[in-house]
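Student: I'd like to go over a predicted model; first the sequence, then the structure.
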Amino acid sequence: MISRLVVVPNPPLLVPELVSGAVRDTEPVRSACLAAARDLAAHSPDWVAVGVDPSGPRVVEGATGTFRGFGVDVRVSLSDQSSRVEDDLPLPALIAAWLREHAGARSVRVHLIPPDLPTADCVALGEHLAGSAALLVLGDGSHRHGELAVGRPDDRAEPFDDDVRKALATADADALRALDPALAAELGATGRAAWQVAAGVPGPWQCARSTFLAPFGVGYHVAVWEA
């Protein structure tokens, strides 16, 4: 049974080589994610991860990929034993691999799900993954916060991400299940489906620590749940 669950965002800015001119500005998000990933690695060397990508549903494991599509050829692997190179690994898989390497875990198997996956299917996947030891949940909040918003700012972004923040901070699976997929899509909150997978993992849970940052108009949630 899963006894440790970690929620992190998956922006490219976590990788210092991709933001050479803004390493200091991105450090708070990076540090929070790495601390959570190291907590997960201390609990288990082998992870299961859930990320959101239009190529889903599919599972990616045992591969090496690159961030070349984001500007720099930084190579990362999903396992210490990875030998197969996939140049088109989706961003959630790349970030999962980067976190695995920096946290010192042995492997991560990534379940990619489409952004429009219905809530019931998300919850069912969480129940299906319950036999794993450690779960990494990857996804961003709304990208419509304030003047730095991608596209146009939206006044609904703040209350939406505040609801997510409260749900993660209190390990409230029911509140995560109640998130509106249509509203999340309008706000660019791609993490909605992944968070609702987390809501399907059998508990009870308590939150060991959580934080929320939105330094660049995007909401970034980090949380550590323990059984």
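Tutor: Now that the structure is in, tell me what you want to look at.
Student: and the most centrally placed residue in the chain, what pLDDT?
Tutor: Computing the C-alpha centroid of the chain and ranking residues by Cα atoms, centre = their mean puts residue 138 first, at 1.1 Å. Residue 138 is assigned a pLDDT of 98 by the prediction.
Student: list the contacts of it.
Tutor: 8-10, 49-52, 92, 95-96, 191, 194 (Cβ atoms under 8 Å, 6 or more residues apart in numbering). The way it works is simple: take the backbone N, C-alpha and C, and place the C-beta from them, glycine included.
Student: ok, 10 Å please
Tutor: Residue 138 makes contact with 6-10, 33, 49-53, 91-93, 95-96, 99, 110, 112, 190-191, 194 under the criterion Cβ atoms under 10 Å, 6 or more residues apart in numbering.
Student: do residue 53 as well
Tutor: Residue 53 is in contact with 10, 60, 89-93, 110, 112-115, 138, 190, counting by Cβ under 10 Å, 6+ apart.
Student: can you tell me which of the residues you listed are buried?
Tutor: Neighbour-count burial (16 or more other Cβ atoms under 10 Å) is assigned, among those, to 10, 60, 89-93, 110, 112-113, 115, 138, 190.
Student: hey, what's the residue nearest to the centre of the chain bridged with?
Tutor: residue 8 (DSSP bridges).
Student: tell me how far stretch 194-203 lies from the chain's centre.
Tutor: Using Cα atoms, centre = their mean, to the nearest Å, the mean C-alpha position of stretch 194-203 is found 13 Å from that of the whole chain.
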